[in-house]
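J.: I would like the atomic coordinates for the input below:
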Amino acid sequence: IKSVLILWLELCVLQDKIHRLIELSSQNKPLLKELSISRSWDSAAHPYWLVFEVEGGLQIRPEQYAVAQHLLDNSGHIVQLNMGLGKTRVILPMLVLFWAFCGEKSVPRLHILSPLFMEATEFFHLQLCASILRCRMYTLPFCRDVEIK
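T.: Presented below is the predicted three-dimensional model:
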């Protein structure tokens, strides 16, 4: 049953991609970037990423997977990315889902800059908590201006 469910989810992602291609073609926008996206990760190994793709109406790009896999394989490493490459909306949720659903069932902790806090919190709540993934999220705001005695 798991393999059939994964296949159905993969078909849902493909259907979303077809809708994006139709939308792009109706706006006379280039289709090459969307057509070049292919799954570079094993959906059976990461079914929660597949659910994230379906619920978010997106497809994880190979470069996003490469960054997430690098961070998973190399604990403590830092990666610098340009704006608009899916750090907050794709890569961070991928990492959170991996750590939340991997065999160890660890509790991921995110440190988010104040200017991004509200937007990121709303997005994570919508995509990870209020979805079929049902991740729990607790916010513990902290300000560096607080004097600790």
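
J.: residues contacting the helix or strand encompassing residue 96, please?
T.: In the assignment (DSSP states H and E), residue 96 maps to helix 92-101. By CB atoms under 8 Å, 6 or more residues apart in numbering, the residues outside helix 92-101 that reach it are 46, 48-49, 52, 60, 64-65, 68, 71-72, 106-108, 110, 120, 124, 127-128, 133, 135. Every C-beta, even on glycine, is put in place using the N, C-alpha and C of the backbone.

J.: okay, now residue 50: neighbour count?
T.: If you count neighbours by other CB atoms under 10 Å, residue 50 ends up with 22.

J.: over to residue 55?
T.: Neighbours around residue 55, by other CB under 10 Å: 17.

J.: against residue 41, how distant is it?
T.: 17 Å (CB to CB, to the nearest Å).

J.: same check, this time on residue 56
T.: Taken as CB to CB, the span from residue 56 to residue 41 is 15 Å.

J.: please apply the same query to residue 131.
T.: In terms of CB to CB, residue 131 sits 20 Å off from residue 41.

J.: what does residue 9 give?
T.: In terms of CB to CB, residue 9 sits 13 Å off from residue 41.

J.: what do you get for residue 144?
T.: Taking CB to CB, one finds residue 144 at 37 Å from residue 41.

J.: over to residue 17?
T.: 16 Å.

J.: with residue 57 instead?
T.: Distance, residue 57 to residue 41, by CB to CB: 18 Å.

J.: more crowded one of these two?
T.: residue 41 (17 against 13).

J.: quick one: that one and residue 69 touch, right?
T.: Yes: contact criterion CB atoms under 8 Å: residue 41 and residue 69 qualify, at 7.5 Å.
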